[in-house]
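>>> generate coordinates for the sequence data below:
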Amino acid sequence: MWPRIGGLRALALGTPGELRTRLNTLVLAGVKTATAGLLTEYAEEGEEFEHVGERLALVDDADALVGVVEVTGIEVTRFAEVPWDFARAEGEGDRSIEEWRAGHAAYWARVGTPVTDDSEIACVRFRLVSAGVGGVITGDLGT
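As a prediction, the model looks like this:
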């Protein structure tokens, strides 16, 4: 089960360290508005898919709150069929869908979950709802 903060499921992007810091910075800057996950991760963790309107607590390496995002869309597709508009929305600087696929395949292989063209991917789109120094400025996770 994924950690919860104030009743919200945690969104921990990438792996701890430099990658998570970079991805969080992209979210807080409004550049990253999507993230991809493996369906197998949901099953392993006993988690349901995110749903439109759900708010997630964006966390840092220490699981401290750095912001709140709201899910605006979710689609499940094969790795080979992830669309370019989604890959661009991830905001990680990929210049083509091929580059996105190569980078994500390499990432998942590094973390021990290699993918194939048929691997099912959860494509989650979101918008930043609230952020601030140390997390949500108001302390209200619902805003």
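
>>> by residue count, which helix of the chain is the longest?
For the chain, the helix with the greatest residue count under DSSP state H is helix 97-110.

>>> list the buried residues of that helix.
Neighbour-count burial for helix 97-110 flags 97, 100-101, 104-105, 108 (criterion: 16 or more other Cβ atoms under 10 Å). For the C-beta atoms, the positions are set from N, CA and C on the backbone; glycine is no exception.

>>> then stretch 71-86?
Quick answer for stretch 71-86 (16+ other Cβ under 10 Å): 71, 74, 79, 82, 86.

>>> centroid-nearest residue for the protein?
For the chain, the residue nearest the mean C-alpha position is Thr35 (3.6 Å; Cα atoms, centre = their mean).

>>> hang on, that residue packs against Phe126?
Yes - contact criterion Cβ atoms under 8 Å: Thr35 and Phe126 qualify, at 7.4 Å.

>>> give me the common contacts of those two.
Counting by Cβ atoms under 8 Å, 6 or more residues apart in numbering, no residue touches both Thr35 and Phe126.

>>> secondary structure class for Val76?
Following DSSP: H, G, I helix; E, B strand; the rest coil, the label given to Val76 is strand.

>>> tell me who's in contact with it.
By Cβ under 8 Å, 6+ apart, the residues touching Val76 are 39, 49, 120-123.

>>> if we go to 7 Å?
By Cβ atoms under 7 Å, 6 or more residues apart in numbering, the contact set of Val76 is 39, 120-122.

>>> what about the closest residue to Arg88 other than its chain neighbours, how many neighbours?
The shortest distance from Arg88 to any non-neighbouring residue, by Cβ to Cβ, 6 or more residues apart in numbering, is to Asp94 (7.5 Å). Using other Cβ atoms under 10 Å, Asp94 has 17 neighbouring residues.

>>> check contacts around Asp94.
Contact partners of Asp94, counting by Cβ under 7 Å, 6+ apart, are 87, 100, 103.

>>> I figured the second one hits Arg88, correct?
No - judged on Cβ atoms under 7 Å, Trp100 makes no contact with Arg88 at a distance of 8.3 Å.

>>> do you know the pLDDT at the residue nearest to Glu90 when sequence neighbours are not counted?
Leaving aside its sequence neighbours, Glu90 sits nearest to Ala34 (Cβ to Cβ, 6+ apart; 5.0 Å). If you check Ala34, the pLDDT there is 98.
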